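> Let's see this in three dimensions:
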Amino acid sequence: MTHWRSISAHHVPRVMSRPDFVPVSTSSLMRSKFDQQGMFMEQKMGKKFFCCDAVLDTWSRQIEINSGYAAEMQPIAWKTADKRTYVHWAEKKYDIVVMGMPTKFHYGDGMGTNPIQMMQAVSAQVIRHKRILSDHCVFVIASYCNGWFHDERWPYLREQWELWQSDKMNTLDDMIKYGEYFATN
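Below you'll find the model as predicted:
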């Protein structure tokens, strides 16, 4: 599940840029690909996965932990996540989102100073909040973006950023053809 070829089955524009992915959904193609991979592994091992599925709050603290068979635990966790994440009564669409970008979060130190990781973090907020964002919403990010790529942790990102800056590299679809190159070098 963590091999780059496996990850490339779901973390690619043809899956993540679909209408069923944004806003976040429990029935998207991406979610079904996650489940398919898990079920395939269970089938090959002849055993079910035991998992601990946690729901996190705004500060990444665990507010609920469910343990047991993965297929049974996910729907339970989703109920709490739905209460925590969605504001069902919100009808207004917002034009501006202002947020701070810490230097260290999610995958580790350097996420808030590295332009590629920052784009990923902002994209995650779009996915979560798309339902209440106007079609031309602007994000204002307060960040200590000094261009530190943390080369020790992500040795490929500096080269990837330089390629992104080159001619005709405007979207993820433009970059996807380099996936195998960056995954294997």
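
> Centroid-nearest residue for the protein?
Ala124 (5.3 Å; CA atoms, centre = their mean).

> pLDDT score assigned to that residue?
Note for Ala124: predicted pLDDT of 82.

> Distance check, it against Val55.
Distance, Ala124 to Val55, by CB to CB, to the nearest Å: 16 Å. C-betas here are computed from N, CA, C, even on glycine.

> again, but for His136
32 Å.

> out of the two, which sits in the more crowded spot?
Higher neighbour count among His136 and Val55: Val55, with 20 against 7, using other CB atoms under 10 Å.

> May I ask you to confirm that that one belongs to a strand?
Yes - using DSSP: H, G, I helix; E, B strand; the rest coil, the assignment for Val55 is a strand.

> I'd like to know how many residues surround Asn170.
So Asn170, with other CB under 10 Å, has 9 neighbours.

> which ones are touching Thr85?
Listed by CB atoms under 8 Å, 6 or more residues apart in numbering, the contact set of Thr85 reads Val24, Arg128.

> So for the longest strand seen in the chain, what gets flagged as buried?
Longest strand of the chain, by residue count under DSSP state E: strand 133-143. Within strand 133-143, the residues scored as buried using 16 or more other CB atoms under 10 Å are Leu133.

> where's it relative to the chain centroid, distance-wise?
With CA atoms, centre = their mean, to the nearest Å as the basis, strand 133-143 stands 17 Å off its chain's centre.

> After that strand, which helix or strand is next? Please name it.
Of the helices and strands lying after strand 133-143 in sequence (DSSP states H and E), the nearest is helix 157-164.

> Okay, and the beta partners of Tyr69?
The partner list for Tyr69 in beta bridges (DSSP bridges) reads Phe50.

> surely it meets Asp53?
No - counting by CB atoms under 8 Å, Tyr69 does not reach Asp53; the two are 10.4 Å apart.

> State the distance from the closest residue to Gln62 other than its chain neighbours to Met45.
Nearest non-adjacent residue to Gln62, counting by CB to CB, 6 or more residues apart in numbering: Ala54, 4.5 Å away. Here the criterion is CB to CB. By it, Ala54 lies 23 Å from Met45.

> who has more neighbours, the two?
Per other CB under 10 Å, whichever of Ala54 and Met45 has more neighbours is Ala54, with 17 against 9.

> Check that one and give its pLDDT.
At Ala54, the predicted lDDT confidence score is 87.

> can you tell me which residues contact it?
Contacts of Ala54 (CB under 8 Å, 6+ apart): Gln62, Glu64, Ile65, Asn66, Ala77.

> rerun that using 10 Å as the cut-off
By CB atoms under 10 Å, 6 or more residues apart in numbering, Ala54 lies in contact with Ser60, Arg61, Gln62, Ile63, Glu64, Ile65, Asn66, Ser67, Met73, Ala77, Thr80, Ala81.
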